Each structure stands twice: as structure tokens, then as C-alpha cells.
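Trainee: Next input, structure requested:
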Amino acid sequence: MCSFGVAPSAFMVTPEGKTLFENKPVGTVLDNVPFKNIMPFGVCTSLANPITAAQTAAALGVLTPGTCIPVIPAPWVPPCPTVMVANKPAFNQTAKCMCAYGGVIQVLNPGATTEQIP
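Mentor: Numbering: from 1, shown residues only. Below you'll find the predicted structure:
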């Protein structure tokens with residue numbers, strides 16, 4: 001979920017060199033690519049998003065959410081210091097990712113049900 005998005009989204013782990021945990025692929029800190037790993041969150045309420053800003057200006061200052069287009073300039077933080085997947089640090093539910101438009105992206109449901117990566 002993104003703090004400026006209006007709907008949760010799915011996190012996608014691509015299959016190249018991945019490890020399974022509870023029969024689900026484990027994400028790494030570098031799984032932060034928009035439209036590959038991180039899908040849009042419905043519409044965006046951040047005025048730093050140029051679409052939202054333009055639509056809000058056109059509505060005479062009434063906040064008008066625009067299309068969510070995630071812009072992720074950096075990896076997930078913090079990484080799991082002891083878990084590596086395909087020579088990259090894994091991340092767990094405490095990790096966050098920042099959108100260039102100010103949103104904080106975090107995992108609401110990690111998919112693991114019986115155990116968690118430390």
C-alpha cells in the first residue's frame with residue numbers, strides 16, 4: 001500500500017533466480033521496479049504527482065486524485081541482514097519503499113502465514 005494511493009496493490013516477484021518460502025517467491029530489496037514489481041495503487045492524492053497537481057488546478061484547487069504512476073528511485077529498506085536471495089538481500093514486512101511523489105510504500109500482507117523471514 002502507498003500512503004498516497006487509494007487502493008492496495010499486488011507486489012510481484014519475478015521468477016529469475018528466486019527462492020521460495022511457503023511456496024511463494026521471496027522478494028529482494030531490488031524488487032522495486034514500477035509496473036514489474038510494484039503495481040499502481042489506484043489513483044494518487046499527492047500534489048507532487050504532476051497529474052494530480054494538474055487535475056487539482058483544473059478543479060480550482062479542489063483535490064482531484066490523478067493516475068498513480070509509481071516512481072521508485074531507491075530499493076526497499078531496511079534489508080534483512082542475514083537473508084540473501086540470488087546474492088541480494090531479502091526484505092520483510094517492516095521494509096518500506098519511497099515513491100518520488102512522497103508516498104511511503106509498505107507491505108500490508110507478506111503472504112507468509114506460518115513463519116517470517118527474520
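Trainee: hey, let's count contacts and neighbours off CA atoms from now on
Mentor: Noted.
Trainee: Neighbouring strands of the helix or strand bottoming out on mean pLDDT in the chain in the sheet, and parallel or not?
Mentor: For the chain, using mean pLDDT, DSSP states H and E, the weakest element among its helices and strands is strand 20-21, scoring a mean of 80. Sheet pairing here is set by DSSP bridges, and for strand 20-21 it gives strand 24-25 (antiparallel).
Trainee: so who does Cys99 touch?
Mentor: Applying Cα atoms under 8 Å, 6 or more residues apart in numbering to Cys99 gives the contacts Pro70, Val71, Ile72, Pro73, Ile105.
Trainee: Just the closest of those to Ala7, please.
Mentor: Using Cα to Cα, Ile105 comes nearest to Ala7 of those, at 11.8 Å.
Trainee: Distance check, the nearest residue to the closest one once chain neighbours are set aside against Phe41.
Mentor: Take Ile105 and drop its neighbours on the chain: the residue closest to it by Cα to Cα, 6 or more residues apart in numbering is Cys2, 4.3 Å away. According to Cα to Cα, to the nearest Å, Cys2 and Phe41 sit 7 Å apart.
Trainee: So between those two, which is more surrounded?
Mentor: Between Cys2 and Phe41, Cys2 has the larger neighbour count (other Cα atoms under 10 Å), namely 25 against 21.
Trainee: The more buried one is in contact with Gly103, isn't it?
Mentor: Yes: the criterion here is Cα atoms under 8 Å, and Cys2 meets it with Gly103 at 5.7 Å.
Trainee: who touches both of those two?
Mentor: If you check Cys2 and Gly103 against Cα under 8 Å, 6+ apart, no residue is contacted by both.
Trainee: quick one, what contacts the closest residue to Ala100 other than its chain neighbours?
Mentor: Spatial nearest neighbour of Ala100, chain neighbours left out: Val71 (5.4 Å); criterion: Cα to Cα, 6+ apart. Val71 makes contact with Pro34, Cys99, Ala100, Tyr101, according to Cα under 8 Å, 6+ apart.
Trainee: and Val71, which of the three is it?
Mentor: Secondary structure assignment for Val71 (DSSP: H, G, I helix; E, B strand; the rest coil): coil.
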